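Student: predicted model and sequence follow; I will ask about them next.
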Amino acid sequence: MSHWLFKSEPSAWSFDQQVAAGKAGTPWNGVRNHQAKLNMMAMKLGETGFFYHSNEGKAVVGIVAVIKTFYPDPSDATGKFGMVDLRAVEALPKPVTLEAIKAEKRLAKMVLVVNSRLSVQPVTAAEWRIIRSMGGL
DNA sequence: GCCAACGTTGGC
DNA sequence: GCCAACGTTGGC
């Protein structure tokens, strides 16, 4: 089982909205970056990821699960890009801020730190465990 | 196929 | 609001 990290500006789509969408989930649409696309293509049903609030908050705030694997994004006229469907699993009792992540030496190689612009990122098993525990899970 | 120009993202 | 980093576009 791999783990992932999804970035969203809360003003565009927040974890609260993801929670409100319930078990039916929502498509993670609008990705127009090939590296992010490749990451989504690698996702398997039931895999989990962090939900990260960029710009405002700048913190990992919750956990989501893949409930539908990669399929074409109908809003992409070129037909090159696609999306997966996600549902909220649970919120972190304590959001883990970017500041806290940067301060943790074991997370120095996280994609979030090294390539902050990538919107859909892989997370290693160790990073997953560390951030979950920092978040109070 | 190179690369300059431009647009966007996202931390600060 | 600024600007660095990065991706994309388009002229040559």
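Tutor: Sure thing, it's come through.
Student: residue A:113: what's it in contact with?
Tutor: Residue A:113 makes contact with A:101-102, A:107, according to C-beta atoms under 8 Å, 6 or more residues apart in numbering. In short, each C-beta sits where N, CA and C put it, glycine included.
Student: top of these by neighbour count?
Tutor: With neighbours taken as other C-beta atoms under 10 Å, the top of the contacts of residue A:113 is residue A:101, carrying 22 neighbours.
Student: which residue is the nearest non-sequential neighbour of that residue?
Tutor: Leaving aside its chain neighbours, residue A:101 sits nearest to residue A:107 (5.0 Å; criterion: C-beta to C-beta, 6 or more residues apart in numbering).
Student: swap in residue A:18?
Tutor: Nearest residue to residue A:18, sequence neighbours excluded (C-beta to C-beta, 6+ apart): residue A:88, at 4.5 Å.
Student: repeat for residue A:33
Tutor: residue A:119 (6.3 Å).
Student: so the one you found sits against residue A:36, correct?
Tutor: Yes - the pair residue A:119 and residue A:36 qualifies as a contact (C-beta atoms under 8 Å) at a distance of 5.1 Å.
Student: around residue A:133, count how many other residues there are.
Tutor: Residue A:133: 10 surrounding residues under other C-beta under 10 Å.
Student: ditto for residue A:115
Tutor: Residues near residue A:115, counting by other C-beta under 10 Å, number 10.
Student: over to residue A:75?
Tutor: Other residues within reach of residue A:75, judged by other C-beta under 10 Å, total 10.
Student: distance check, it against residue A:69.
Tutor: Distance from residue A:75 to residue A:69, counting by C-beta to C-beta, to the nearest Å: 18 Å.
Student: residue A:101 too?
Tutor: Residue A:101 is 28 Å from residue A:69, by C-beta to C-beta.
Student: now residue A:43
Tutor: 6 Å.
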